[in-house]
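Enquirer: Need a 3D model of the sequence below.
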Amino acid sequence: MSNKATVAVLSYELIKHPRAIKIVKTLLKNNYRVIIWYSTKPFKKGPKIVRALMNYLYSIVEALFLKANMYWIENIPDIVYILYPILRRNYVYDRRSPWSKEVILEYGFKIFGKIAEIIERFLIKHAKCIAVASTPLKFEFNYEKPVYVVPNYPEKSFSLSGKQRNNVGKGKILLYVGKLSIVEGTDILLKVARKLCNSETQLWIVGDGPLKHMVKTIAEKCPNVKWFGWLSRDKVKELISLADYCLVPRHKTRYSIFYNHEGVQKIGEYLALKKPVIACGIAKSPYYYLVSEDSYVETILKITKEEISITSKPLEAYWEDCSEKEVLKAVAYTLKAKEEK
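Expert: Below is the predicted model of the structure:
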């Protein structure tokens, strides 16, 4: 198969999903023609649930008009691609996280999670192959088809640039980057913020999401807590380089094993800039300091007061070295499967 094949990369919220952009770059670098699709989400008014459903329906129709030799689709939200198996489209199903499990944690209704899992299994069944963001996700289902581990590591351009902290405050700087939601442990982050309020330690929060109003409220009350909203990757890199410690708070569940340094993008970015990472509620790893959810806030307080010190194994892992070859393997397999059909 010639590298002149056309690959459509679909990402519902492309601007918030750097993984899809990295996949596009990899394909272009290897002479594939690439179509990039993301939802324009034209429905911006009305109740949130109604608005979301309308945008999903619009996106389902919009995605049908893409024409390519194969498609790379992500699993959040995978309902957008529900008609691809029926139309016998050749696609890689990219599982960035255990989506159906996250739906239950986020909304608290098992029926939502069950519906999401039915969609997941339907798309898994008809995919040519599967891509996953971490090794544990490779074992989430009995896929019965090739599975390629494509870690969510940062690109080499994200590595340390030499920028040093300068006149940003007396105390330590803690940084959180990510979605502001229950699944991402924002309620735990808020506990940290309340404990640190009016102290010399600064807490910087980068991101947006369902709990942004709570983050905004505490940032307005506490002068040492700053909420930046969503920022460009360059700006995120700058803030990480200035931080003393980076945070990954999450609730411990039976699905915690699926989240580690391979799949959680912010961890890879923290580590690329050689920052110590304090985490809870995710899988064990030698590359970050993992504590229990119950002791997370207290541990952070002790670390900022230098009552305890933390050490972890350094990790230098980049997209170009570890992930690109797996993307190309998945694409080559899917195109070959199309030829043999």
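Enquirer: Measure how buried the closest residue to Arg96 other than its chain neighbours is and give me the count.
Expert: In space, Arg96 comes closest to Ala133 once its chain neighbours are excluded; the distance is 4.8 Å by CB to CB, 6 or more residues apart in numbering. Backbone N, C-alpha and C define where each C-beta goes, glycine included. Ala133: 27 surrounding residues under other CB atoms under 10 Å.
Enquirer: List the contacts of Ala133.
Expert: Contact analysis of Ala133 by CB atoms under 8 Å, 6 or more residues apart in numbering lists 19, 94-97, 149-152, 262-263.
Enquirer: In strands, which of those residues fall?
Expert: 94-95, 149 (DSSP state E).
Enquirer: Give me the neighbour count for Lys101.
Expert: By other CB under 10 Å, 19 other residues sit near Lys101.
Enquirer: nope, Ala52 is what I was after
Expert: Neighbour count for Ala52, taken as other CB under 10 Å: 14.
Enquirer: Please apply the same query to Pro314.
Expert: Neighbours of Pro314 (other CB under 10 Å): 8.
Enquirer: pretty sure it is touching Leu273, no?
Expert: No - here Pro314 lies out of contact with Leu273, judged by CB atoms under 8 Å, at a distance of 11.3 Å.
Enquirer: tell me the phi and psi of the closest residue to Leu64 other than its chain neighbours?
Expert: Spatial nearest neighbour of Leu64, excluding adjacent residues (CB to CB, 6+ apart): Leu83 at 6.3 Å. With angles defined as degrees, to the nearest 10, Leu83 sits at phi -90, psi -10.
Enquirer: again with Met70
Expert: Main-chain dihedrals, Met70, degrees, to the nearest 10: phi -160, psi 170.
Enquirer: Would you map the strands across the stretch 1-150 of the chain?
Expert: Along the stretch 1-150 of the chain, counting by DSSP state E, counting those that start in this stretch, strands occupy 6-10, 33-37, 70-74, 91-95, 129-132, 147-149.
Enquirer: Throw those into JSON lines and include mean neighbour count, distance to Asp294 and mean pLDDT, thanks.
Expert: Formatted as JSON lines, the strands of the stretch 1-150 of the chain follow (neighbours: other CB atoms under 10 Å; distance: least, CB to CB, whole Å; pLDDT from 0 to 100):
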{"stretch": "strand 6-10", "mean neighbour count": "22", "distance to Asp294": "40", "mean pLDDT": "96"}
{"stretch": "strand 33-37", "mean neighbour count": "16", "distance to Asp294": "43", "mean pLDDT": "96"}
{"stretch": "strand 70-74", "mean neighbour count": "24", "distance to Asp294": "34", "mean pLDDT": "96"}
{"stretch": "strand 91-95", "mean neighbour count": "26", "distance to Asp294": "30", "mean pLDDT": "96"}
{"stretch": "strand 129-132", "mean neighbour count": "25", "distance to Asp294": "30", "mean pLDDT": "97"}
{"stretch": "strand 147-149", "mean neighbour count": "20", "distance to Asp294": "32", "mean pLDDT": "97"}
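Enquirer: Reformat those strands as JSON lines; add distance to Lys325.
Expert: Listed next are these as JSON lines, based on distance: least, CB to CB, whole Å:
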{"stretch": "strand 6-10", "distance to Lys325": "16"}
{"stretch": "strand 33-37", "distance to Lys325": "18"}
{"stretch": "strand 70-74", "distance to Lys325": "15"}
{"stretch": "strand 91-95", "distance to Lys325": "15"}
{"stretch": "strand 129-132", "distance to Lys325": "12"}
{"stretch": "strand 147-149", "distance to Lys325": "9"}
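Enquirer: Tell me which of these sits nearest to Gly209.
Expert: Closest to Gly209 of the strands of the stretch 1-150 of the chain is strand 70-74 (CB to CB; 17.7 Å).
Enquirer: between the closest one and strand 33-37, how big is the angle?
Expert: 40 degrees (axes from the mean of the first three to the mean of the last three CA atoms, to 10 degrees).
Enquirer: and the angle for strand 70-74 with strand 91-95?
Expert: Orientation of strand 70-74 against strand 91-95 (the same axes, to 10 degrees) gives an angle of 20 degrees.
Enquirer: Would you quantify the distance from the residue nearest to Arg96 to Trp227?
Expert: 27 Å (CB to CB, to the nearest Å).
Enquirer: burial measure for the residue nearest to Pro286 when sequence neighbours are not counted, as a count.
Expert: Spatial nearest neighbour of Pro286, chain neighbours left out: Lys313 (4.1 Å); criterion: CB to CB, 6+ apart. For Lys313, the count of nearby residues is 9 (other CB under 10 Å).
Enquirer: same thing with Ile79?
Expert: Neighbours of Ile79 under the rule other CB under 10 Å: 20.
Enquirer: residues in contact with it?
Expert: Taking CB under 8 Å, 6+ apart, one finds 56, 60, 116, 119 in contact with Ile79.
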